[in-house]
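A.B. asks: I would like to see how this sequence folds:
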Amino acid sequence: MNRKAIIQKFREEGILKGAGYYLGRLLSEIEMRTIGPVTARFASVCPTRIVLKNRMMMDYSDNTRALYEYLVKNGYTEKYQIIWVVSEKKRFRNYKQKNVRFVTAENRYGWNSPLAYYYGATAKYFFFTHYNADLNRFHCPGQITVNLWHGCGYKGAGIQKKELFRSTASDRFDYALVPGPLFAEAKKDFWHCPVEKILPLGYPRYDWMMNPGKSRKEIMTLLFQWEGRGKTVIWLPTFRQSKIIAYQEGEIEFSCSLPGIESEEELKQLNEELKKREMLLIIKKHPLQSVWNRSRDDSNIRFLSEEKLDRADIRLYQLLGVCDALLTDYSSAAVDFMLLDRPIGFVLSDYAQYKEKRGFVFEDPLQYMPGEKLYDYKDIAAFLGHVAEEKDLFREERRGLMPAMHQVTDCYCRRIADRFGIK
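C.D. replies: Alright, predicted model coming up:
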């Protein structure tokens, strides 16, 4: 906990709710320091127990869910017990699956169930995507803790990175995953760990993207009632303003919440251009973006939320798998999308500011951005025109970077399970 975060919490939730949250945090700390050491000393690791944990209040999603679905589909639950550590256990009250259990940790009151510490200490495998919340700080000998992480892009650690990561214990793992060898050195410095801990195995969610399981028509109909025949482009801007106060890019603001777009008139013009070409542009807010004034759909521009994805039971990476092109900026989505060998447009209108505020993992990130560099409305419109006309201007550059940025396989979940001996 730091002073700024505590003050912000009380401002957002008031004195009573803020006090309740930090009381929950305190109780969880006491649990950890009692249950953890006792369990680690007197219990033993269960060789057939797997713990899965995603980000707080973002249960059952991202890489942990992709890995889980693979394990269930391929019969691993006949042998293994899977423990999901979730913030909202009541959401899974009616979920029935053999050898699968849900326990509470990092709920809205800042509280962790004692069972979360017990399972965290005794699991043979502990997989997490953002941070492990110290649930396995005290663990039995023989545990393998794997940081699946949530993507490698271009963003630097941020000015206050060291303080942030000491508090969230993100570097407490045996192994961490990256897409390809290029990212091993950068993440070694980011996590302050030996490069041998970093494995270029790719991410479980890549399997959703490479094999969405539903047709493009099914996915577009479920999400947008869209049956157009033109190209479909998805825009995934990374966050600037966020509740995570350790990141300084929060000082960057856009008039329309989108980089490269200066006015409502430009958005209307963009919609007209898309309409002429019978194209659909999908714009999705980053989960951490706290300032967002875009929600009204136009005929050929649709805004996508996490809630809409959940209602349709569609994962973002399934949607990526059926899109013809990607618009983004410094996000890891660009690196991931390279696997599809389709056009990418990088919207870099705040490149200089971002470099100053947040920084990049590469000295020259532009050389690792195999796509059109876009700085304003005209550039964005031109890129969409190229997509419509099937002009892929950076195909050769993209393919040339692939060996460094990815270690391609036909099933990422299987490769991960095999690497850690889950049979």
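A.B. asks: Domain-wise, how is the protein divided?
C.D. replies: Domain ranges of the chain: 3-206+412-419, 212-405, per automatic domain parsing.
A.B. asks: got those as JSON lines, with mean pLDDT and mean neighbour count columns?
C.D. replies: No exception for glycine: its C-beta is placed from N, CA and C like everyone else's. Formatted as JSON lines, the domains of the chain follow (pLDDT from 0 to 100; neighbours: other Cβ atoms under 10 Å):
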{"stretch": "domain 3-206+412-419", "mean pLDDT": "89", "mean neighbour count": "18"}
{"stretch": "domain 212-405", "mean pLDDT": "90", "mean neighbour count": "18"}
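A.B. asks: what about residue 269, which helix or strand?
C.D. replies: helix 264-277 (DSSP states H and E).
A.B. asks: quick check, distance from whichever helix or strand comes after that helix to the centre of its chain.
C.D. replies: As assigned by DSSP H and E, the chain's next helix or strand after helix 264-277 is strand 280-284. Relative to its chain's centre, strand 280-284 lies at 18 Å (Cα atoms, centre = their mean, to the nearest Å).
A.B. asks: just stretch 30-50 next, same as before
C.D. replies: Chain-centre distance of stretch 30-50: 29 Å, with Cα atoms, centre = their mean.
A.B. asks: got it, and stretch 191-210?
C.D. replies: Between the centre of stretch 191-210 and the centre of its chain there are 13 Å (Cα atoms, centre = their mean).
A.B. asks: Do a quick rundown of the strands in the stretch 251-400 of the chain.
C.D. replies: 280-284, 301-304, 325-328, 344-347, 372-374 (DSSP state E, counting those that start in this stretch).
A.B. asks: Out of those, the one nearest residue 39 is which?
C.D. replies: Smallest distance to residue 39 across the strands of the stretch 251-400 of the chain (Cβ to Cβ): 40.6 Å, for strand 280-284.
A.B. asks: other SSEs contacting the closest one?
C.D. replies: For strand 280-284, the packing partners by 3 or more Cβ pairs under 8 Å, 6 or more residues apart in numbering; DSSP states H and E come out as helix 216-224, strand 232-235, helix 264-277, strand 301-304.
A.B. asks: how about 10 Å then?
C.D. replies: helix 216-224, strand 232-235, helix 264-277, strand 301-304, helix 306-312, helix 316-321, strand 325-328 (3 or more Cβ pairs under 10 Å, 6 or more residues apart in numbering; DSSP states H and E).
A.B. asks: CA atoms of it as PDB?
C.D. replies: In PDB, the C-alpha atoms belonging to strand 280-284 read as follows (Å, rounded to 0.1, in the frame of the first residue of the first chain):
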ATOM      1  CA  LEU A 280     -16.900  -2.400 -40.100                       C
ATOM      2  CA  LEU A 281     -14.600  -0.700 -37.500                       C
ATOM      3  CA  ILE A 282     -14.800  -2.100 -34.000                       C
ATOM      4  CA  ILE A 283     -13.400   0.000 -31.200                       C
ATOM      5  CA  LYS A 284     -12.700  -1.500 -27.800                       C
END
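A.B. asks: and that strand with helix 264-277, angle?
C.D. replies: Interaxial angle, strand 280-284 versus helix 264-277 (axes from the mean of the first three to the mean of the last three Cα atoms, to 10 degrees): 140 degrees.
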